[in-house]
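A.B. asks: generate coordinates for the sequence data below:
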Amino acid sequence: MAMIKYWVGACLLGYATLTLAEGNAAAGQEKVAACGGCHGEDGNGAAPIFPKLARQHAAYIVKQLHDFKTVKRVEPTMNAMAESLSDQDMQDMAAYYTAQKLTFEKGEDNALGERLYRTGNPKTGVPACTGCHNPDGSGNPQAGFPLLHGQYAVYIEKTLHDFKAGERGNDTNAMMRSFAAKLSNEEISALADYIATFR
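C.D. replies: Predicted coordinates for the structure are as follows:
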């Protein structure tokens, strides 16, 4: 528990430096027109490999767009898409997506995934995911932890593998990289299946 409190506190300190302005959802709808090919017109993802942005915390979306623009998060297509975005553009786009209705996946019950999510793996030093993402996957917008509801299992699995391999490195204090590195491939698949059941 002490370790989780340390990580959350450290994340809050790092995340507090990103100041947020008010976004305009109507303006954002026009600005996300080019995003529909991957993320869907309503932010529900055009294919399982792409993240759903509908109902995602606005602050989290803004951080990811900022990280793409500054190439702190490396993904060539998104780096190019975010390059010309202003801070207001990011706020408007986030306001639009967070206001959209989220669709849910069927998901598959997975006992191993549920156990890992709720209690972690003490033998390998993996903490429970609930410490940051909450028991119901609602996340924590103040701390910058994303909403996991409705995400495709395929996308969750890819993201955890990217953190594990160090291919994604925009997590505060390398939290996700540290935890994912301790997960086996079987555990990653199990977590992805379980998280996809969240409503």
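A.B. asks: C-alpha from now on. contacts and neighbour counts both.
C.D. replies: Fine.
A.B. asks: domains for the protein, by residue range?
C.D. replies: The record's domain split for the chain, according to automatic domain parsing, is 23-98, 105-195.
A.B. asks: tell me the pLDDT of Gly107.
C.D. replies: For Gly107, the pLDDT comes out at 80.
A.B. asks: with Ala190 as the reference, measure out to it.
C.D. replies: Distance of Gly107 to Ala190, given as C-alpha to C-alpha, to the nearest Å: 11 Å.
A.B. asks: between these two, who's got more neighbours?
C.D. replies: Ala190 (23 against 18; other C-alpha atoms under 10 Å).
A.B. asks: can you verify the more buried one is assigned to a helix?
C.D. replies: Yes: secondary structure of Ala190 (DSSP: H, G, I helix; E, B strand; the rest coil): part of a helix.
A.B. asks: first vs last residue of stretch 88-106, how far apart are they?
C.D. replies: End-to-end distance for stretch 88-106: 35 Å, by C-alpha to C-alpha.
A.B. asks: contacts for that stretch?
C.D. replies: 20-29, 31-32, 42-44, 53-59, 61-62, 65-66, 149-152, 196-197, 199 (C-alpha atoms under 8 Å, 6 or more residues apart in numbering).
A.B. asks: for Asp193, what are its contacts?
C.D. replies: Applying C-alpha under 8 Å, 6+ apart, the residues near Asp193 are Gly107, Glu108, Asp109, Asn110, Gly113, Ala153.
A.B. asks: thanks a lot, catch you later.
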